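Student: Mind looking at a prediction? Sequence and model below.
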Amino acid sequence: MNVVRYYAPGNVQVEDAPEPAPGPGEIKVRVRNCCVCGTDLKISRHGHHRIRPPRVLGHEIAGEVAELGAGVTGWAVGDPVQVIGAIPCGKCANCHLGLMTVCLDMEAMGYHYDGGFAEYVVVPGKVLAAHGLNRIPEGVGFAEASAAEPLACVLNGQELIDVAGDDCVVVVGGGPIGCMHVRLARARGAAQVLLVELNRERLARAAELVDPDHAICASDGDVAEQVLELTKGRGADAVITATASGRAQEEAVRYAAHRGRVSLFGSLPPGGSLPALDTNLVHYRELRLVGANSSSPEQNAQALDLIASGAVPVADLITHRLPLSRFHEALEMVERGAALKVTLEP
């Protein structure tokens with residue numbers, strides 16, 4: 001079978017590999033869709049401290065059960081399934097406190113276990129133990145289901161800063177994650193949602209899809225001034241930096257309202273300069289800055305329900321479908337911003 005295997009930064013190969021077999025307590029899944037994530041781009045270019053090469057990449061996985069390992073019950077060949085990306089241990093102090101997104105022994109598909117950029121993937125017993133294999137609801141396609149993993153991370157990010165009704169929410173970044181944030185904020189009852197993006201073409205494309213109350217092009221002038229003008233000087237209740245930009249993080253505290261919440265959702269690339277936050281603004285406005293990193297198995301299930309109910313549509317965010325053999329082309333499209341969400345179909 002074909003796989004996309006990571007060996008080192010700058011060395012990712014599409015190659016042939018033996019078809020895997022599930023061991024006891026495992027399930028083999030025929031991959032139907034696995035979306036490309038910005039993290040896949042970062043791993044391919046820069047590596048990742050958690051990944052153990054050589055490793056088959058891909059963590060946004062949807063497909064159908066192909067084979068059951070010994071002792072597995074409750075599943076049947078042909079069942080449509082979505083697989084969590086981050087796998088909590090369920091045993092550490094954080095997991096016992098219910099903080100599964102910051103599990104002290106977290107593992108992940110495509111990092112510690114071979115992922116979904118392959119024709120088949122073996123779902124480890126640890127995923128099953130964490131209730132991390134989700135049955136895809138009727139009416140939800142495999143491509144949509146594969147987007148449940150990033151949507152679950154978006155859900156975690158908004159839960160951490162309590163996005164709710166009457167909030168003015170600013171989402172920075174017009175990529176697929178930013179678009180999901182806009183739609184989820186709407187679903188959670190936000191009164192006003194603003195979308196900020198530096199690239200004018202990308203902003204226009206995203207705004208046409210998700211219809212924010214206002215679309216702000218960051219290249220047109222000072223973002224803080226524009227947000228403050230649109231909010232009559234008050235600022236935003238919640239700001240979500242859904243982009244790998246230190247400048248966006250610096251600016252966020254300038255237009256957050258008093259007691260506003262700022263989600264530092266997008267991680268910064270390694271080796272770059274760190275943002276210079278004005279901590280006096282944090283101090284005097286009593287702002288809350290929150291990191292957002294992952295998602296829990298429960299949030300993955302909730303994300304699938306949001307997609308199935310139509311509360312957060314994702315099908316139109318998947319703009320390109322490519323075969324596994326065109327992985328490098330998919331990566332370049334993501335890097336250039338030429339696509340929103342790209343899904344690979346082995």
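Tutor: Perfect, I can see it now. Numbering: from 1, shown residues only.
Student: Show the contacting residues for the most centrally placed residue in the chain.
Tutor: With distances taken as C-alpha atoms, centre = their mean, the chain has P150 as the residue nearest its mean C-alpha position (2.7 Å). Shown in contact with P150 (C-beta atoms under 8 Å, 6 or more residues apart in numbering): C35, C37, E60, P176, I177, M180. C-beta here means a position set from N, CA and C on the backbone, and glycine is covered the same way.
Student: Which residues does the closest residue to D213 other than its chain neighbours form beta bridges with?
Tutor: What sits nearest to D213 in space, not counting adjacent residues and going by C-beta to C-beta, 6 or more residues apart in numbering, is Q192, at 5.0 Å. Under DSSP bridges, the beta-bridge partners of Q192 are C168.
Student: circling back: could you single out the nearest of the contacts of P150 to E335?
Tutor: Among the contacts of P150, C37 lies closest to E335 (C-beta to C-beta), at 12.4 Å.
Student: wait, what's in contact with that closest one?
Tutor: By C-beta under 8 Å, 6+ apart, the residues touching C37 are H59, E60, P150.
Student: pLDDT weak spots in the protein?
Tutor: Flagging of the chain using pLDDT under 70 yields an empty set of residue ranges.
Student: a helix runs through H283, doesn't it?
Tutor: Yes - assigned with DSSP: H, G, I helix; E, B strand; the rest coil, H283 falls within a helix.
Student: need the contact list for it.
Tutor: Applying C-beta under 8 Å, 6+ apart, we find H283 in contact with no residue.
Student: Next, work out how far apart it and E159 are.
Tutor: H283 sits 25 Å away from E159 when distances are taken as C-beta to C-beta, to the nearest Å.
Student: What about the closest residue to A191 other than its chain neighbours, how many residues nearby?
Tutor: Excluding the flanking residues, the one nearest A191 by C-beta to C-beta, 6+ apart is D166, at 5.0 Å. By the other C-beta atoms under 10 Å criterion, the neighbourhood of D166 contains 9 residues.
Student: Does D166 touch Q192 like I think?
Tutor: No - between D166 and Q192 there is no contact under C-beta atoms under 8 Å: 9.0 Å.
Student: Just give the number of residues close to the residue nearest to D213.
Tutor: Using other C-beta under 10 Å, Q192 is surrounded by 17 other residues.
Student: For it, give me its contacts.
Tutor: Q192 neighbours (C-beta under 8 Å, 6+ apart): D167, C168, V169, D213, T231.
Student: for the stretch 1-150 of the chain, what spans make up the helices?
Tutor: Per DSSP state H, counting those that start in this stretch, the stretch 1-150 of the chain carries helices over the ranges 38-46, 93-96, 125-129, 142-146, 148-160.
Student: okay, these in TSV with distance to L344 next?
Tutor: Shown next, in TSV, are the helices of the stretch 1-150 of the chain (distance: least, C-beta to C-beta, whole Å):
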stretch	distance to L344
helix 38-46	10
helix 93-96	31
helix 125-129	20
helix 142-146	9
helix 148-160	14
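Student: And the ones you listed: which comes nearest P270?
Tutor: With C-beta to C-beta as the measure, helix 38-46 is the member of the helices of the stretch 1-150 of the chain nearest P270 (5.4 Å).
Student: What values do phi and psi take at G69?
Tutor: The phi and psi values for G69, taken as degrees, to the nearest 10, are phi -80, psi 170.
Student: residues contacting G189?
Tutor: A164, G165, D166, D167.
Student: and the third one, what element?
Tutor: Going back to what we said before, that points to D166. Of the helices and strands defined by DSSP states H and E, none includes D166.
Student: Okay, it and K232: tell me how far apart.
Tutor: To K232, D166 is 15 Å away according to C-beta to C-beta.
Student: hang on, isn't Y113 packed against A86?
Tutor: No - between Y113 and A86 there is no contact under C-beta under 8 Å: 11.5 Å.
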